[in-house]
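Student: Here is the input, now give the coordinates:
(chains A and B)
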Protein chains: 2
Amino acid sequence: MPDLSRRRLLTGAGIAVGAGAAAVAGAGLVRQAQPAPVQADAPGGSIPFHGAHQAGIATPVQDRLHFAAFDLSTDSREKVVAMLKAWTAAAVRLTAAQEVGGGATGAELAPPDDTGEAIGLPASRLTLTVGFGPSFFDKLKLPRPDRLKELPHFPADKLDPARSGGDLCVQACADDPQVAVHAVRNLVRIGFGTASVRWSQLGFGKTSSTTPDAQTPRNLMGFKDGTNNIAGTDHKQLDEHVWVGDEGPEWMRGGSYLVARRIRMHIETWDRTSLKEQEDIFGRTKREGAPYGGTREHDPVVLDRMPIDSHVRLANPAALGGATILRRGYSFTDGSDGLGRLDAGLFFLAYQRDPEKGFIPIQRALAAKDTLNEYIQHVGSGVFACPGGVRPGSFWGQGLLD
Amino acid sequence: MPDLSRRRLLTGAGIAVGAGAAAVAGAGLVRQAQPAPVQADAPGGSIPFHGAHQAGIATPVQDRLHFAAFDLSTDSREKVVAMLKAWTAAAVRLTAAQEVGGGATGAELAPPDDTGEAIGLPASRLTLTVGFGPSFFDKLKLPRPDRLKELPHFPADKLDPARSGGDLCVQACADDPQVAVHAVRNLVRIGFGTASVRWSQLGFGKTSSTTPDAQTPRNLMGFKDGTNNIAGTDHKQLDEHVWVGDEGPEWMRGGSYLVARRIRMHIETWDRTSLKEQEDIFGRTKREGAPYGGTREHDPVVLDRMPIDSHVRLANPAALGGATILRRGYSFTDGSDGLGRLDAGLFFLAYQRDPEKGFIPIQRALAAKDTLNEYIQHVGSGVFACPGGVRPGSFWGQGLLD
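Tutor: Coordinates of the predicted model:
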């Protein structure tokens, strides 16, 4: 696959690592030529980075995830702008299966611009999506969007501060985990001196589909959850529930608000529960994923046929005044917890136009009544404003920061 | 792919969870019919479980890993035998993309035999490989093989007891991580009351190849390491260096000794090192992976052309009296470490006929002199005796325990 391999261009400036050099490197990188076009839908092919919306939201869900939340180590807007310029330039290259940086004469006496572990790998449909948390605005003294508020406390939340919050975030999705990890690592490296990783999460298996009519992948409870997700091609639903419109602020137009939750599953307890109880809790059959009263996964949900406290019934938009989110969750297993239990669960990613009309009312209803709560616990949380898409020559957050 | 889907057979006993029932369930499962034959080399196909050797050692390396070390919670040989019988029966089914257990009348009032998250997924070349640690023999008052000794302390080891040791281990390799995680989880569940997880590790990217002439995958330092690995088809080398022969004990014939090491990489420090220094440390070029003096990855290593303390030179069998191992390592990234650094590295798996002629002399040489030591640290360790292959109707460790 020579067209997709990471070619090292011999022009352009290298990326200087470190705070002092970041502004210079950033400026240099933005001037680099755009990557050569690559096929968008080839196996392992590349997803266009530029567009009206950031890629990685309505994009068909890739197989693997590396999500990182960062804290700023500066209150200098200039340094943050320089980092975001350098990140954008790197993202353009990474999503096109090109190495970060451009090489330079005498490069062997300098650290390589790119850490190298993705050399030769195809783009693997890599997307990189950036969001800004509430504290980002506070630290940089920028006006916070009205809709970006810290999430309320929900009953039974047991949030670990070390896995929550963050001034900004990067969501890397790809079909090859090595490509996603490589991308995050190289952004971490470029950000050195300006932002550092607060927490990060790998997801090994997608649990959502944004592709109409596809089978929903199973979560670690063995169920297809989120069947009635918004399709990435359903522009009416996306415009109504996911993309920020002219309500502003201007830099958020075409953007979306992201809620990330690390949901630990008590899988050992779940596994001791009868099939009937498991199915009653979800309101779907386990094998097929059909809603009660139906026979196939995509049969319509008839609320009256659902157990009153079932997950599907409580989370259904019709029961919540239309509250709707786009889900992009991933399963995780982070070894074991020292008590012989697997540290496993769902890293839940929800995109919406307004958290007050999306995640918050849904989670209020679920936290109060969902019979699933006996088997899960929310242990990490973050909320981020993901700006609209990046135009060629622009950079992540330009409308906010420039 | 109907032939590969996990079919729920309506005959046979379900798996009872819990200590008291394990013996009964195990006996019931062993009597079940063998799964229908499936294609061994189909994409996502299945690898035969039975054979002269355990699968997962010489088998072409799959993309993903879930490795789990267990501690026994009993000193009863009978309970351990029952668990190993039940594990074997489950492994036969899992590696053939069939659900664990066989269902039963009234099953909806009982917990499902299989946790369900792999329903509908192909076998994904799943292999399950079992090994017994030194403490397994001590706890069950069984004679320990002469070659199974605790590893010596190596300079700069910083082993975490919570990530080291274990009475027994299961290595699950598959091309789909959901399939590997599902398999480990279901074995954990079956073992409840007899053994519990001491530690476990996910590996997201293979770093080794046992396929001749393939490009070696890159580790997180960006290098192709382990180019001169033993090929899974090189029976002469396998017989000489990997498989235990007639030196005994009898139950180890066709088996192998596994050394597992969790090697943390200080990737932030590495990334600040010049390309020349990185290449000098490995003795290979980064881009192509060619040994110094060569131009292609598989060109022969000429020791005199290598820097004296380079990794390739120190680990070369010719420099170590022929010490040779079969490598099946995986990259890992387990989030970040609380100091803003990624907790990333190499989970190193080495198989050999005798650790004293394999890993131990290699690591002695590397620990003393390898210039790579500035950038890595061994933080977890285990050694296990992996018995020979399982014959139909037999079970893991039968020759040792029966």
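
Student: near chain B, anything from stretch A:375-394?
Tutor: No - with C-beta under 8 Å from any C-beta of the partner chain as the criterion, chain B is not reached by stretch A:375-394; the gap is at least 10.4 Å. All C-beta atoms are positioned from the backbone trio N, CA, C, and that covers glycine.

Student: Can you mark which positions in that stretch are buried?
Tutor: Residues A:375-390 are the ones in stretch A:375-394 that count as buried (16 or more other C-beta atoms under 10 Å in any protein chain shown).

Student: same check, this time on stretch A:267-279
Tutor: For stretch A:267-279, the neighbour count (16+ other C-beta under 10 Å) marks A:267-268, A:270-271, A:273, A:275, A:278-279 as buried.

Student: Can you lay out these as JSON lines showing pLDDT?
Tutor: Shown next, in JSON lines, are the buried residues of stretch A:267-279 (pLDDT from 0 to 100):
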{"residue": "A:Ile267", "pLDDT": "94"}
{"residue": "A:Glu268", "pLDDT": "92"}
{"residue": "A:Trp270", "pLDDT": "96"}
{"residue": "A:Asp271", "pLDDT": "94"}
{"residue": "A:Thr273", "pLDDT": "95"}
{"residue": "A:Leu275", "pLDDT": "94"}
{"residue": "A:Gln278", "pLDDT": "95"}
{"residue": "A:Glu279", "pLDDT": "94"}
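
Student: Within reach of chain B, which of those residues are there?
Tutor: Among those, the residues lying close to chain B (C-beta under 8 Å from any C-beta) are A:267-268, A:271, A:273, A:275, A:278-279.

Student: measure A:Gln237 to B:Glu297 for me?
Tutor: 49 Å (C-beta to C-beta, to the nearest Å).

Student: swap in A:Val197?
Tutor: Taking C-beta to C-beta, one finds A:Val197 at 33 Å from B:Glu297.

Student: again with A:Ala350
Tutor: Applying C-beta to C-beta to A:Ala350 and B:Glu297 gives a distance of 44 Å.

Student: Those two: which is more packed in?
Tutor: The neighbour count for A:Ala350 versus B:Glu297, taken as other C-beta atoms under 10 Å in any protein chain shown, is higher for A:Ala350 (25 against 17).

Student: list the contacts for the closest residue in space to that one that isn't next to it in sequence?
Tutor: With C-beta to C-beta, 6 or more residues apart in numbering or on different chains as the criterion, A:Ala350 has its nearest non-adjacent residue at 4.1 Å, and that residue is A:Ile325. By C-beta atoms under 8 Å, 6 or more residues apart in numbering or on different chains, A:Ile325 lies in contact with A:230, A:241, A:259, A:350-352, A:358-359, A:362.

Student: Please repeat the previous calculation with a cut-off of 7 Å.
Tutor: The contact partners of A:Ile325, by C-beta atoms under 7 Å, 6 or more residues apart in numbering or on different chains, come to A:350-352, A:358-359, A:362.

Student: tell me the pLDDT at it?
Tutor: As predicted, A:Ile325 sits at a pLDDT of 96.

Student: Quick check: phi and psi at the nearest residue to A:Ala118 once chain neighbours are set aside.
Tutor: In space, and not counting its chain neighbours, A:Ala118 is closest to A:His182: 4.0 Å by C-beta to C-beta, 6+ apart. Main-chain torsions, A:His182, degrees, to the nearest 10: phi -60, psi -40.

Student: A:His182 and A:Ser124, how far apart?
Tutor: With distances taken as C-beta to C-beta, A:His182 is found 10 Å from A:Ser124.

Student: Return the residues in contact with the residue of the stretch 51-200 of chain A found nearest chain B.
Tutor: In the stretch 51-200 of chain A, the residue found nearest to chain B is A:Gly116; the distance is 2.5 Å by C-beta to the nearest C-beta. Contact analysis of A:Gly116 by C-beta under 7 Å, 6+ apart lists B:218, B:222, B:286.

Student: any idea how far B:Asp113 is from the one residue in the stretch 151-300 of chain A that gets nearest to chain B?
Tutor: Minimum separation of the stretch 151-300 of chain A from chain B (C-beta to the nearest C-beta) falls at A:Gly222, amounting to 2.5 Å. Applying C-beta to C-beta, the value for A:Gly222 to B:Asp113 is 11 Å.

Student: Give me the more crowded residue out of these two.
Tutor: B:Asp113 (28 against 23).

Student: Was I right to think that one contacts B:Gly101?
Tutor: Yes - using C-beta atoms under 7 Å, B:Asp113 is in contact with B:Gly101, at 2.4 Å.

Student: Pop out the phi and psi values for A:Cys173.
Tutor: Per-residue torsions, A:Cys173: phi -120, psi 140 (degrees, to the nearest 10).

Student: Just the pLDDT for it.
Tutor: The predicted structure lists A:Cys173 with a pLDDT of 98.

Student: How many residues are close by it?
Tutor: Residues near A:Cys173, counting by other C-beta under 10 Å, number 31.

Student: Okay, and the beta partners of it?
Tutor: When bridges are called by DSSP bridges, A:Cys173 pairs up with A:Leu65, A:Thr127.

Student: Not counting sequence-adjacent ones, nearest residue to A:Ala68?
Tutor: What sits nearest to A:Ala68 in space, not counting adjacent residues and going by C-beta to C-beta, 6+ apart, is A:Ser200, at 4.1 Å.

Student: nope, A:Asp157 is what I meant
Tutor: Using C-beta to C-beta, 6+ apart and skipping residues adjacent in sequence, the residue nearest A:Asp157 is A:His378, 5.0 Å away.

Student: Could you tell me the end-to-end distance of stretch A:69-88?
Tutor: Using C-alpha to C-alpha, to the nearest Å, the end-to-end distance of stretch A:69-88 comes out at 17 Å.

Student: and that stretch, how far out from the chain's middle?
Tutor: 19 Å (C-alpha atoms, centre = their mean, to the nearest Å).

Student: Need phi/psi at the residue most central in space within chain A.
Tutor: The centre of chain A sits closest to A:Gln171, judged by C-alpha atoms, centre = their mean, with a distance of 4.0 Å. The phi and psi torsions at A:Gln171 (degrees, to the nearest 10) take the values phi -100, psi 120.

Student: So it sits against A:Ala55, correct?
Tutor: No - the criterion here is C-beta under 7 Å, and A:Gln171 misses it with A:Ala55 at 10.1 Å.

Student: quick one: secondary structure of A:Val244?
Tutor: Of the three states, A:Val244 takes coil according to DSSP: H, G, I helix; E, B strand; the rest coil.

Student: quick one: contacts for it?
Tutor: Counted by C-beta under 7 Å, 6+ apart, A:Val244 has contacts A:252-256, A:353.

Student: among these, who's most crowded?
Tutor: A:Ser256 (29 neighbours).

Student: list the contacts for that one?
Tutor: Applying C-beta under 7 Å, 6+ apart, we find A:Ser256 in contact with A:57, A:242-244, A:351-353, A:386.

Student: could the residues you listed be laid out in TSV, adding pLDDT?
Tutor: TSV is the format used below for those (pLDDT from 0 to 100):
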residue	pLDDT
A:Ile57	98
A:Val242	98
A:Trp243	98
A:Val244	98
A:Tyr351	98
A:Gln352	98
A:Arg353	98
A:Cys386	98
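
Student: coming back round to it: need the max-distance pair from the buried residues of stretch A:267-279.
Tutor: Within those, A:Glu268 and A:Glu279 form the most distant pair, 19.2 Å apart (C-beta to C-beta).

Student: the helices in chain A, which residues?
Tutor: A:19-30, A:77-94, A:134-140, A:177-190, A:235-237, A:267-270, A:275-282, A:311-315, A:359-369, A:398-401 (DSSP state H).
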